[in-house]
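1. this is a predicted model, with the sequence first.
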Amino acid sequence: MNKILKLMIIMGLLGGCTSITANENSTQPIETKETSSIPPMSSFAIEACNIAFIQSECITFAIQQHWGEVKDIKIFNLSDIKQIPGNKNIQIYVKSQGCYGYYDSPQFEAWYPANLPNIPLEGKTVTANLVNNRIMSPKLREDFVELFGNKASILLDHCNPIEIKN
């Protein structure tokens, strides 16, 4: 099967991912049986609002994958985290175990950058939310890694975690 067709199948299967949150009214814990040799991976998109170069109020960026469970999202000012005085850009980070495609296996849990461009800090306060944040099923992880490989990729510029307390 060619790569484009496999990619379309994988993206269609993303709807079959296991949710990482339980229904608030549910009394039964969600049980998943891990039968894959590939460690857990999350698939998610990011919705960002009030970005200066976007005409509409909000935009949803493409789905991406990180190792482990993506637990939270934060916006950091680049002048604070990279000690670049006068830099008026922000970057969105997620709490995970590293970017899939940059690292070939899970890393320590930390704040890793989302695969998004730096966003100019102009005018309104930018907000960001995780959208369709799911842990991929074992079968989907197997198919995904078969298609894209499990080696570090040059597609990502960087995926260095930042050290903060929280």
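-> That came through fine.

2. what segments of the chain are strands?
-> 18-19, 41-49, 58-67, 72-77, 89-96, 110-113, 119-120, 127-135 (DSSP state E).

3. mean pLDDT lowest for which of those strands?
-> Among these, strand 18-19 carries the lowest mean pLDDT, at a mean of 40.

4. how near is the residue lying closest to residue 161 once chain neighbours are set aside to residue 139?
-> Spatially, and ignoring its direct neighbours in sequence, residue 161 is nearest to residue 110 (3.5 Å; Cβ to Cβ, 6 or more residues apart in numbering). In short, each C-beta sits where N, CA and C put it, glycine included. Separation of residue 110 from residue 139 (Cβ to Cβ, to the nearest Å) stands at 28 Å.

5. looking at those two, which has the bigger crowd around it?
-> Set residue 110 next to residue 139 and count neighbours by other Cβ atoms under 10 Å: residue 110 wins out with 16 against 12.

6. hang on, the more buried one packs against residue 163?
-> Yes: using Cβ atoms under 8 Å, residue 110 is in contact with residue 163, at 7.2 Å.

7. re earlier: tell me the spacing between the residue nearest to residue 161 and residue 158.
-> Residue 110 is 14 Å from residue 158, by Cβ to Cβ.

8. same thing with residue 51?
-> Taken as Cβ to Cβ, the span from residue 51 to residue 158 is 21 Å.

9. equivalent analysis for residue 70, please.
-> Counting by Cβ to Cβ - residue 70 and residue 158 are separated by 18 Å.

10. neighbour-wise, which of those two wins?
-> residue 70 (25 against 9).

11. next, the contact list for that one, please.
-> Residues near residue 70 by Cβ atoms under 8 Å, 6 or more residues apart in numbering: 20, 42, 44, 94-96, 130, 133.

12. tabulate these (CSV), appending distance to residue 62.
-> Output for the contacts of residue 70, formatted as CSV (distance: Cβ to Cβ, whole Å):
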residue, distance to residue 62
20, 19
42, 14
44, 10
94, 14
95, 20
96, 17
130, 14
133, 14
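
13. thank you, goodbye.
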